[in-house]
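J.: Mind looking at a prediction? Sequence and model below.
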Protein chains: 2
Amino acid sequence: MGSRLQESGYRLTQPRRAVIRALTEANDWLRPEEVLALARPYWRPLGLVTVYRTVSLLTELGYLKRVHLEERCVGYVRSDLVHGHHLLCRTCHQAVEFPGTEDLAPLVNRISQDTGFRVEHHLLELVGLCPSCQ
Amino acid sequence: MGSRLQESGYRLTQPRRAVIRALTEANDWLRPEEVLALARPYWRPLGLVTVYRTVSLLTELGYLKRVHLEERCVGYVRSDLVHGHHLLCRTCHQAVEFPGTEDLAPLVNRISQDTGFRVEHHLLELVGLCPSCQ
DNA sequence: CAGTTTATTGAAAATATTTTTCACTTAGGT
DNA sequence: ACCTAAGTGAAAAATATTTTCAATAAACTG
């Protein structure tokens, strides 16, 4: 993730390294505060502001995705974990990639045709309880 | 919407009437501030706090749904406009109900089986440009 | 490898959003 | 008409996010 940051013309700084390292280790979606807590061990002076800036940047570059939950609204997950669609555990925050949503394409196409919308992206989130939280 | 509020044991007050009237006239999703602006003509002293309380209540009772957009996070739409799933215009904020997502059921079932999750609800939002905004 | 430039940083302040508190008001049963 | 509890709005508090700015440090230059 870091090297590609540089390829895109951004500097690979200590604070960014720390954030990326934390995100690389997490297999969950994380709120900005949580990213800060996990990244601080790798770079003590890290500030929340920089976390916000870094996750925004990584989201723009496509390495992270925003997720939306009903109550507390915003979090981030590594794109490679969710690969387009999210399956989120309501209690333990685990984010699981789920396979096989090519099934969705015909639905989206049909809807485009019926409504005239140009559908640019879609957000499919399944929320529930993972096996161990049930 | 109002009469059913009463049936649920809540009082039908002037501020609530104003909010409901605004929502009834809107065919869009609205942010709390926007609800306030549209409802004030019907009840001048209306406060933003009451808008928050009223949309939360109406959401609990099922008359509204929360929607999530990428940038500014939360808005509300009348449930009858979205009937389960949203098709949102990125620029004009129009919310269109889209038909026929029974197709989604097999996908959800398969995912439950594959992952062991108990899927409690799902959120499918298509975001793009409506015909007139293209 | 020192010097320089400029992106990036963290703290503080500003802005935005949502919730809580509380004294006052009013809906709706009596 | 009265009573009473639910509901109200203003202000304050709590949260969340963005902006500003002087200081720092990547990484390019020679």
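T.: Structure's in. What do you need?

J.: Run through who's touching stretch A:43-55.
T.: Taking contacts as Cβ atoms under 8 Å, 6 or more residues apart in numbering or on different chains, the residues outside stretch A:43-55 that touch it are A:14-20, A:32-33, A:35-36, A:39-40, A:64, A:76. Every C-beta, even on glycine, is put in place using the N, C-alpha and C of the backbone.

J.: Which of these are buried, as a PyMOL select command?
T.: In PyMOL syntax, the buried subset of the contacts of stretch A:43-55 is picked out as below (16 or more other Cβ atoms under 10 Å in any protein chain shown):
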select buried, chain A and resi 15+16+17+18+19+20+32+35+36+39+40+64+76
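
J.: Relative to B:E120, which of the contacts of stretch A:43-55 is nearest.
T.: Distance to B:E120 across the contacts of stretch A:43-55 (Cβ to Cβ) is lowest for A:Y76, with 22.3 Å.

J.: Do a quick rundown of the strands in chain A.
T.: Ranges of strands in chain A, per DSSP state E, are A:64-68, A:74-78, A:86-89, A:95-97, A:118-129.

J.: Helices along chain A, start to end?
T.: If you assign secondary structure with DSSP state H, the helices in chain A sit at A:2-7, A:14-25, A:32-39, A:48-60, A:79-82, A:104-115.

J.: May I see the ones you listed arranged in JSON lines, with distance to B:T91 as well?
T.: Formatted as JSON lines, the entries for these read as follows, by distance: least, Cβ to Cβ, whole Å:
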{"stretch": "helix A:2-7", "distance to B:T91": "31"}
{"stretch": "helix A:14-25", "distance to B:T91": "32"}
{"stretch": "helix A:32-39", "distance to B:T91": "28"}
{"stretch": "helix A:48-60", "distance to B:T91": "20"}
{"stretch": "helix A:79-82", "distance to B:T91": "25"}
{"stretch": "helix A:104-115", "distance to B:T91": "15"}
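
J.: Between these, which has the poorest mean confidence score?
T.: Between these, the lowest average pLDDT goes to helix A:79-82, which shows a mean of 68.

J.: who in chain A is up against chain B?
T.: A:66, A:68, A:70, A:73-74, A:87, A:89-90, A:96, A:98-101, A:103-104, A:106-108, A:110-111, A:114-131, A:134 (Cβ under 8 Å from any Cβ of the partner chain).

J.: returning to that earlier point: JSON lines please, covering the strands of chain A and showing mean pLDDT.
T.: As requested, the strands of chain A are exported to JSON lines (pLDDT from 0 to 100):
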{"stretch": "strand A:64-68", "mean pLDDT": "82"}
{"stretch": "strand A:74-78", "mean pLDDT": "80"}
{"stretch": "strand A:86-89", "mean pLDDT": "75"}
{"stretch": "strand A:95-97", "mean pLDDT": "72"}
{"stretch": "strand A:118-129", "mean pLDDT": "79"}
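
J.: Compare those and report which one is nearest to DNA strand D.
T.: Counting by Cβ to the nearest atom of the strand, DNA strand D lies closest to strand A:74-78 out of the strands of chain A; the figure is 4.1 Å.

J.: Could you tell me the angle between the closest one and strand A:64-68?
T.: 140 degrees (axes from the mean of the first three to the mean of the last three Cα atoms, to 10 degrees).

J.: what about the residue in chain A positioned nearest to DNA strand D, how many neighbours?
T.: When scored by Cβ to the nearest atom of the strand, chain A has A:R11 as its residue closest to DNA strand D, at 3.6 Å. Taking other Cβ atoms under 10 Å in any protein chain shown as the neighbour definition, A:R11 ends up with a count of 7.
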